[in-house]
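# The sequence isn't on hand, but the structure is:
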């Protein structure tokens with residue numbers, strides 16, 4: 001939600017290059033909703049940087065990192081951190097907006113007045129055929145690039161938790177910096193693979209834009 005306006009972005013429509021970064025305006029602010037179909041990471045950023053409004057697109061994976069770019073400054077950005085990459089124009093960052101990846105049914109309960117992002121010009125996409133549930137619940141073994149993790153960002157660092165390691169206990173009580181947190185994977189299969197028309201009537205995963213958390 002931005003300035004009292006809430007919007008949902010159906011994740012099951014964001015599985016192809018034209019859809020992985022959705023430039024939008026919400027509550028009068030220029031934002032971009034991004035989705036990495038490999039890492040299942042959903043991040044929302046402001047598109048206004050140093051007085052310029054950027055149009056953000058997706059490059060794809062480079063050395064395992066999902067990369068964004070903008071057409072105005074030709075800067076490459078990390079989708080996870082929002083920082084400009086060193087070989088681009090380093091030292092700058094996109095401002096991250098607070099967002100939530102959840103089901104459409106839960107988002108409707110949280111934000112009953114929410115709108116849903118729709119762009120008829122974008123091609124319809126379906127989720128990747130890979131079995132996310134098998135990856136998540138694959139049990140013990142060394143970490144591989146395809147492993148899904150729950151990432152926690154704190155003021156003093158970041159930490160990642162293997163989802164397959166959480167499949168049994170489901171809850172881990174720890175501290176990131178000075179703040180307690182509990183990674184908690186949801187039950188059930190991976191991201192919904194149904195058409196958007198069905199997803200909006202049921203529990204498909206969506207990326208919801210919310211107002212940024214208040215500062216300290």
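Thanks, I have the structure now. Quantities reported herein were computed from a predicted structural model and do not represent experimental measurements.
# Can you pull the domain assignment for this structure?
Using automatic domain parsing, the domain ranges for the chain come out as 7-122+200-209, 132-181.
# want to throw these into CSV with distance to residue 1, mean pLDDT and mean neighbour count?
Backbone N, C-alpha and C define where each C-beta goes, glycine included. Below are these laid out as CSV (distance: least, Cβ to Cβ, whole Å; pLDDT from 0 to 100; neighbours: other Cβ atoms under 10 Å):
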stretch, distance to residue 1, mean pLDDT, mean neighbour count
domain 7-122+200-209, 7, 86, 17
domain 132-181, 20, 66, 13
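# shouldn't residue 149 be in contact with residue 158?
No: between residue 149 and residue 158 there is no contact under Cβ atoms under 8 Å: 10.6 Å.
# so which strand or helix has residue 145?
Assigned by DSSP states H and E, residue 145 falls within no helix or strand.
# What sits closest to it if chain neighbours are left out?
Nearest residue to residue 145, sequence neighbours excluded (Cβ to Cβ, 6 or more residues apart in numbering): residue 64, at 5.7 Å.
# before we move on, what about residue 148?
Closest to residue 148 by Cβ to Cβ, 6+ apart is residue 163, at 4.6 Å.
# what's the distance between that neighbour and residue 26?
Separation of residue 163 from residue 26 (Cβ to Cβ, to the nearest Å): 29 Å.
# With residue 165 instead?
Distance from residue 165 to residue 26, by Cβ to Cβ: 35 Å.
# Which single helix of the protein contains the most residues?
helix 104-110 (DSSP state H).
# Who are the packing partners of the next helix or strand after that one?
Going down the chain from helix 104-110, the next helix or strand is strand 115-116, by DSSP H and E. On a contact count with 3 or more Cβ pairs under 8 Å, 6 or more residues apart in numbering; DSSP states H and E, strand 115-116 meets strand 7-10.
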